[in-house]
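Peer 1: Here is my input; please provide its structure:
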Amino acid sequence: MGIRLLGDRVMVQRADAETTAGGIHLPESAQERPQKAEVIAVGEGRRLDSGKVIAPDLKVGDTVIISKYGGTEITVDGKDYLIMESGQVLAKEA
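Peer 2: As a prediction, this is how the structure comes out:
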């Protein structure tokens with residue numbers, strides 16, 4: 001992948017939509033956006049005024065909970081991703 005994230009940003013890929021309890025798979029246009037995502041890439045961290053860099057709490061492979069409408073959508077190599085600041089991530093699965 002030819003993208004290098006800057007600062008305190010993370011790139012995530014939303015989890016695939018699940019099939020309903022009755023076994024029905026809804027078309028993408030009728031589904032809510034999944035809030036679970038996998039961290040694909042992480043920037044170097046937030047830079048303080050003193051010049052010190054604080055490393056992000058997230059790492060590649062983490063499963064996170066994100067806002068339904070947060071981040072900026074991009075497509076790289078035919079796959080859809082979101083880029084957002086690490087502060088926009090709501091939670092991380094333990």
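Peer 1: could you list every residue that touches Ala91?
Peer 2: By Cβ atoms under 8 Å, 6 or more residues apart in numbering, the residues touching Ala91 are Val64, Ile65. Yep, even glycine has a C-beta here, placed from its N, CA and C like the rest.
Peer 1: which parts of the helix or strand containing it are buried?
Peer 2: Element membership for Ala91, per DSSP states H and E: strand 89-92. Judged by neighbour count (16 or more other Cβ atoms under 10 Å), strand 89-92 contains these buried residues: Val89.
Peer 1: and if you look at stretch 59-78?
Peer 2: For stretch 59-78, by 16+ other Cβ under 10 Å, it's Asp62, Val64, Ile66, Gly71.
Peer 1: burial count for Val10?
Peer 2: 28 (other Cβ atoms under 10 Å).
Peer 1: Quick check: bridge partners of it?
Peer 2: Counting by DSSP bridges, Val10 forms beta bridges with Val42, Met84.
Peer 1: Over to Lys92?
Peer 2: Val64.
Peer 1: Lys59 is in contact with that one, correct?
Peer 2: No. Applying Cβ atoms under 8 Å, one finds Lys92 not in contact with Lys59, separated by 9.6 Å.
Peer 1: Filter the buried residues of stretch 59-78 down to the ones in strands?
Peer 2: Val64, Ile66 (DSSP state E).
Peer 1: need the helices for the protein, in chain order.
Peer 2: Ranges of helices in the chain, per DSSP state H: none exist.
Peer 1: Pick out the residue nearest the middle of it.
Peer 2: Geometric centre of the chain, nearest residue: Val12, 2.5 Å, by Cα atoms, centre = their mean.
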